[in-house]
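A.B. asks: My questions concern the predicted model and sequence given below.
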Amino acid sequence: MDMIKARFEVLDERFARVNGDERMRRLHTGCRWTEGPAYFPAGRYLVFSDIPNDRVLRWDETTGAVGVFREPAGFHNGHTVDGLGRLVSCEQGNRRVTRTEHDGTTTVLAETYQGKKFNSPNDVVEARDGAIWFTDPSYGIDSDYEGHQAESEIGACHVYRADPVDGSVRIVADDFTRPNGLAFSVDESLLYIVDTRRNPSHIRVFDVKDSGRLTGGEIFATCDAGVFDGVRVDDAGRVWAAAHDGLHCFAPDGTRIGKLRIPEVCSNLTFGGPRRNDLFVTASSSVYTLRVNFAGPKRR
């Protein structure tokens with residue numbers, strides 16, 4: 001297992017005490033493009049996608065072993081773990097959002113909007129009310145590299161919400177070029193959504209209303225190193241975004257306060273471990289982890 005020096009770059013005094021172990025671990029390498037890390041506390045394992053190889057891998061925290069969780073996998077991209085400990089997945093190749101039940105069977109949560117297939121669902125989060133929010137860019141239909149090349153039936157790339165009661169799907173944001181990572185604030189009053197292909201690539205922030213409507217949508221932060229991809233919020237309300245040079249950290253007011261440098265292009269991140277203070281990062285061909293002095297939000 002490779003050990004790599006952890007490089008925290010302080011850009012604002014508010015980041016001065018944000019740190020962790022002196023070295024990060026590379027848990028696995030040799031993939032084509034890693035994505036979608038999701039940690040299961042009950043099983044003490046991490047799953048992540050190797051999209052072009054059409055497989056989902058599983059890292060066991062207790063043994064350090066990495067094995068195949070699912071192959072073929074429908075070109076899975078983003079994942080989340082729902083409130084009942086089930087895996088919710090964006091399947092780029094199958095153009096749908098699914099849930100893996102505790103017995104291993106698959107339930108389709110969303111696969112069409114007004115009778116038309118989605119492009120290729122990319123990233124997903126669950127709200128406390130059980131609603132599933134997901135982004136739908138076109139990466140999985142642009143070529144056969146990480147999906148199946150096809151024409152868009154919807155004709156645009158939107159952000160959607162699947163209702164927790166009746167399963168109905170509606171558009172919640174329709175003015176994105178390529179919506180990508182998304183994350184709620186700790187109290188779920190805000191939703192941060194990445195638009196990867198805007199110039200510059202940026203994160204927008206929306207107010208979340210009781211009815212599941214979004215208002216606002218101003219630019220929260222722009223990227224100064226390639227493009228943004230996945231995004232997460234920590235328990236202090238700071239926003240962490242994957243970029244080409246590592247993870248960028250933003251204060252709640254949108255100021256870039258620091259970076260955690262990673263030696264590969266970053267795609268996504270999540271928090272895990274017994275205290276939610278193990279940071280997991282998917283980056284190009286590898287997966288990294290670092291014990292830090294902050295944590296992901298506690299699920300309520």
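C.D. replies: Great, that's in hand.
A.B. asks: what packs against the helix or strand encompassing residue 172?
C.D. replies: Element membership for residue 172 (DSSP states H and E) is strand 169-173. Secondary-structure packing of strand 169-173 (3 or more CB pairs under 8 Å, 6 or more residues apart in numbering; DSSP states H and E): strand 112-113, strand 158-162, strand 214-222. No exception for glycine: its C-beta is placed from N, CA and C like everyone else's.
A.B. asks: In the sheet, which strands lie alongside the helix or strand where residue 134 lies, parallel or antiparallel?
C.D. replies: Per DSSP H and E, residue 134 falls inside strand 132-136. Under the criterion DSSP bridges, strand 132-136 sits next to strand 124-126 (antiparallel), strand 158-162 (antiparallel) in its sheet.
A.B. asks: CSV for these, including mean pLDDT and distance to residue 194?
C.D. replies: Below are the strands paired with strand 132-136 laid out as CSV (pLDDT from 0 to 100; distance: least, CB to CB, whole Å):
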stretch, mean pLDDT, distance to residue 194
strand 124-126, 98, 12
strand 158-162, 98, 10
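A.B. asks: TSV for the ones you listed, including distance to residue 65?
C.D. replies: TSV is the format used below for the strands paired with strand 132-136 (distance: least, CB to CB, whole Å):
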stretch	distance to residue 65
strand 124-126	27
strand 158-162	34
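A.B. asks: Make JSON lines from those and add distance to residue 280 and mean neighbour count to it.
C.D. replies: Output for these, formatted as JSON lines (distance: least, CB to CB, whole Å; neighbours: other CB atoms under 10 Å):
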{"stretch": "strand 124-126", "distance to residue 280": "16", "mean neighbour count": "24"}
{"stretch": "strand 158-162", "distance to residue 280": "24", "mean neighbour count": "22"}
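A.B. asks: could you pull out the strands for the stretch 201-300 of the chain?
C.D. replies: 202-208, 214-222, 231-233, 239-243, 246-250, 256-261, 266-272, 278-283, 286-291 (DSSP state E, counting those that start in this stretch).
A.B. asks: Could you pull out the buried residues of stretch 18-37?
C.D. replies: Buried residues in stretch 18-37, counted by 16 or more other CB atoms under 10 Å: 18-20, 24-28, 31, 33-37.
A.B. asks: do you know how far residue 68 is from residue 57?
C.D. replies: Computed with CB to CB, to the nearest Å, the distance linking residue 68 and residue 57 is 6 Å.
A.B. asks: Compare those two and say which one has the larger neighbour count.
C.D. replies: residue 57 (22 against 12; other CB atoms under 10 Å).
A.B. asks: Tell me how far that one lies from residue 249.
C.D. replies: Note on residue 57: its distance to residue 249, by CB to CB, is 27 Å.
A.B. asks: now do residue 232
C.D. replies: According to CB to CB, residue 232 stands 10 Å off from residue 249.
A.B. asks: joint contacts of these two?
C.D. replies: Contact criterion CB atoms under 8 Å, 6 or more residues apart in numbering; residues shared by residue 232 and residue 249: 239, 240.
A.B. asks: neighbouring contacts of stretch 160-173?
C.D. replies: Taking CB under 8 Å, 6+ apart as the rule, stretch 160-173 contacts 97, 109-110, 112-113, 118, 129-136, 158-159, 179, 193, 206, 212-214, 217.
A.B. asks: Check stretch 285-294 too.
C.D. replies: 4, 6, 17-21, 24-34, 37, 46, 48, 59, 234-236, 238, 260, 262, 264, 273, 277-281.
A.B. asks: switch the cut-off to 7 Å
C.D. replies: Stretch 285-294 has contacts (CB atoms under 7 Å, 6 or more residues apart in numbering) with 6, 18-21, 24-32, 34, 37, 48, 59, 234-236, 262, 264, 277-281.
A.B. asks: Could I get the phi/psi values of residue 14?
C.D. replies: phi -70, psi -10 (degrees, to the nearest 10).
A.B. asks: What sits closest to it if chain neighbours are left out?
C.D. replies: Nearest non-adjacent residue to residue 14, counting by CB to CB, 6 or more residues apart in numbering: residue 257, 4.9 Å away.
A.B. asks: wait, doesn't that neighbour sit right on residue 12?
C.D. replies: Yes. Using CB atoms under 7 Å, residue 257 is in contact with residue 12, at 3.7 Å.
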